[in-house]
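S.K.: Got a predicted model here, sequence first, then my questions.
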Amino acid sequence: MATLTVEQVEQISAKLKELPAVENKKRPVSKQEAIKLLARDIKSLQARGYSLEQVSEQLKQLGVSLATPTLRSYLKRAGSGAATRKKGSGAGSAATATEDQQQPAQPAA
């Protein structure tokens, strides 16, 4: 192969950046990637008062069986912040403190 110039590499780079994204919605994904894709939805559920335990149970019913600690870990890796946030929580961001706050997620009527 012939030697490339910086200018040629920059032109190639620009053309590669112009290529459209390839959508392959039928490709298999890991559970971790599925949670990354669902992180916004999970965060929304938490904002509506669902605990991670409740979310985990709902996911299990929908065919994604994950223990709550695994779900929390995947959410943290996804960088969503959904694993530590709770509606109306002004406390620190430690997962254990938030988890304790999420336990009584069902208000007394």
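M.R.: That came through, no problem.
S.K.: number of nearby residues for Ser44?
M.R.: 12 (other C-beta atoms under 10 Å). Where C-beta positions appear, they are placed from N, C-alpha and C, glycine not excepted.
S.K.: swap that for Leu71, sorry
M.R.: 22.
S.K.: Select the longest helix from the protein.
M.R.: helix 31-47 (DSSP state H).
S.K.: That helix: which residues count as buried?
M.R.: 34-36, 38-39, 42-43, 45-46 (16 or more other C-beta atoms under 10 Å).
S.K.: Against which helices or strands is it packed?
M.R.: helix 52-61, helix 68-78 (3 or more C-beta pairs under 8 Å, 6 or more residues apart in numbering; DSSP states H and E).
S.K.: Now distance to Thr3 and mean pLDDT too, for those, in a markdown table please.
M.R.: As requested, these are exported to a markdown table (distance: least, C-beta to C-beta, whole Å; pLDDT from 0 to 100):
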| stretch | distance to Thr3 | mean pLDDT |
| --- | --- | --- |
| helix 52-61 | 53 | 97 |
| helix 68-78 | 41 | 96 |
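S.K.: Many thanks, have a good one.
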